[in-house]
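**Q** Sequence below, structure please.
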Amino acid sequence: MRARPEIRDILIAKKLKRWLLIAQHPFVDRSCPPARARRNYQRLFAKHSELAKRLGLSITGVYTP
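**A** Below you'll find the model as predicted:
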């Protein structure tokens, strides 16, 4: 992703929150299966764990509504 570091963090945070929302509440986006949302969230979390922890997110957050 080519963006300034401040903007990059904001964009990644939005992606993390979006996949978490879809994984917890599948009716938000019917076109994406919850399993795919969980997988995308976990991959983003693994890649950007420091940012996710600053936001107060956890790896098991997709399993608790």
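
**Q** If we ignore the residues flanking it in sequence, what's nearest Ala13?
**A** Leu55 (5.8 Å; C-beta to C-beta, 6 or more residues apart in numbering). (Glycine included, C-beta is placed from N, CA and C.)

**Q** Hmm, the one you found is touching Lys15, no?
**A** No. Checked against C-beta atoms under 8 Å, the pair Leu55 and Lys15 is beyond contact range at 11.4 Å.

**Q** Now do stretch 48-61, average pLDDT.
**A** In this model, stretch 48-61 carries a mean pLDDT of 93.

**Q** picking up where we left off before, now do the same contact list for the residue nearest to Ala13.
**A** Neighbouring residues of Leu55 by C-beta atoms under 8 Å, 6 or more residues apart in numbering: 13, 16-17.

**Q** Now flag whichever of those residues is closest to Val62.
**A** Val62 has its nearest neighbour among the contacts of Leu55 in Leu16, at 10.6 Å by C-beta to C-beta.

**Q** Surely that closest one is in contact with Leu57?
**A** Yes. Look at Leu16 against Leu57 with C-beta under 8 Å: they come within range, at 6.2 Å.

**Q** what do the two both touch?
**A** In terms of C-beta under 8 Å, 6+ apart, Leu16 and Leu57 are both contacted by the residues Phe45.

**Q** low pLDDT regions in this structure?
**A** Along the chain, segments meeting pLDDT under 70 span 65.

**Q** Show me which helix runs longest in it.
**A** helix 5-24 (DSSP state H).

**Q** Need the residues that contact it.
**A** 1, 3, 28-29, 32, 34, 37-38, 40-41, 44-45, 48, 51-52, 55, 57, 61-62, 64-65.

**Q** Of the residues you listed, keep whichever come out buried.
**A** 34, 37-38, 40-41, 44-45, 48, 51-52, 57, 61-62 (16 or more other C-beta atoms under 10 Å).

**Q** what's whatever helix or strand Arg36 lives in packed up against?
**A** Secondary structure from DSSP states H and E places Arg36 in helix 34-47. Contacts defined by 3 or more C-beta pairs under 8 Å, 6 or more residues apart in numbering; DSSP states H and E place helix 34-47 against helix 5-24.
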